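A.B. asks: Kindly generate the corresponding structure for this input.
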Amino acid sequence: MKIVFLGTGGTYPSKFRNVTSVALQLPGEVVMFDCGEGTQRQLMYSSVSFMKISRIFISHLHADHFLGLPGLIQSMSLNGREEPLNIYGPKGTSDNVRAMMNLGYFKSGFEVLANDLDEDVELGFSAYRVRTARADHTVPSLAYALEESPRPGKFDLKKAKRLGIPEGPMYRKLQEGKAVEIRGKKIEPGAVMGPTRQGRKIVYTGDTKPSKAIVKLAEGADVLIHDCTLDSTHASLASDFGHSTAEEAAKVAKAAGVGMLFLVHFSPRYENGELLEKEARGVFKNSKAAEDLAEFTVRYRD
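C.D. replies: Here you go, the predicted model:
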């Protein structure tokens, strides 16, 4: 699992960074969160294959979070994509996507499926689930948690040998959750497999003020990617426009007990994220101001 920051800015693209968009590389597919203008070109500079994007989750319908969709869909079509693309977002997303698909001579060679979501919804997929929570912004907004399915426990080689299980195919069957038979005795996987292990969890807030709903959504996450539009000297301005400061984002990370905090959605006034990162680290040590095209591999905890 690898996070690729396609853009880390807010409001509009600047000479320092593009608007916020995050790609999550998973086995066999890519899941994206937000797709502002310019994301298509950022993808071409990144390690992400835009043809492998299966699902795009839009946090809200401000232009800097969705305006890159038409160009991206057109490029996918021109490159021969046939697989459907699923786009999710708050109420109004399906109407918005439908309007895009009817722009002028805009055509797509594949199906684009738009889905409106409510807060506190859970979507189940083959290897992970996505849960939503209400983000506290100036328009209807959603935060997302992507959680991998639980993994099998660790295989206990010593126990397997004590039980007389020969190395080879039987080990694999037990690891796959299937029972085996040795000299007429049935051995269940639980005899040699440890307890189920938790998968990885990534949370993306989109634009938001700090909120209890996001703390709850982010509990125990490996990575929290949180709005950080301004530093604390502009706390009132951030609140008025439905955003968070670096300090506030760090407090959310600390309250939720996450492993790593990445700050995104910086105001164009900042040339770099040094000030914001320093402020966040004063509250939560494992804080990092994300940079455009930076990558982060999310490791298993055990």
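
A.B. asks: make it CA atoms for all contacts and neighbour counts henceforth
C.D. replies: Will do.

A.B. asks: Where does the prediction get shaky in the chain?
C.D. replies: For the chain, no stretch has pLDDT under 70.

A.B. asks: Could you measure from Val97 over to Ala23?
C.D. replies: Distance, Val97 to Ala23, by Cα to Cα, to the nearest Å: 20 Å.

A.B. asks: More neighbours: which of these two?
C.D. replies: Legend: neighbour count by other Cα atoms under 10 Å for Val97 and Ala23, higher for Ala23 (26 against 19).

A.B. asks: pretty sure that one contacts Thr39?
C.D. replies: No. Counting by Cα atoms under 8 Å, Thr39 is not a contact partner of Ala23; they are 10.3 Å apart.

A.B. asks: what sits in contact with each of these two?
C.D. replies: Between them, Ala23 and Thr39 have Leu6 as joint contacts when contacts are counted by Cα atoms under 8 Å, 6 or more residues apart in numbering.

A.B. asks: wouldn't Val258 be in contact with Lys216 here?
C.D. replies: No. Judged on Cα under 8 Å, Val258 makes no contact with Lys216 at a distance of 11.0 Å.

A.B. asks: Between these two, point out the one with more neighbours.
C.D. replies: Neighbour totals were compared for Val258 and Lys216, and Val258 leads with 22 against 13 (other Cα under 10 Å).

A.B. asks: Give me the phi and psi angles of Leu6.
C.D. replies: phi -80, psi -30 (degrees, to the nearest 10).

A.B. asks: wait, what's in contact with it?
C.D. replies: 18, 20-23, 39, 42-43, 46, 292-294.

A.B. asks: Among those, which one sits closest to Lys159?
C.D. replies: Proximity of those to Lys159 (Cα to Cα) peaks at Ala23, which lies at 41.3 Å.

A.B. asks: who touches the helix or strand containing that closest one?
C.D. replies: For Ala23, the element it lies in under DSSP states H and E is strand 21-26. Contacts with strand 21-26, where a contact means Cα under 8 Å, 6+ apart, come from 1-8, 30-36, 39, 48, 65.

A.B. asks: Buried ones in stretch 63-79, by neighbour count?
C.D. replies: By neighbour count with 16 or more other Cα atoms under 10 Å, stretch 63-79 contains the buried residues 64-77.

A.B. asks: again with stretch 137-147
C.D. replies: 137-138, 140-147.

A.B. asks: Likewise for stretch 88-104?
C.D. replies: Buried positions in stretch 88-104, judged by neighbour count with 16+ other Cα under 10 Å: 88-94, 97, 100-101.
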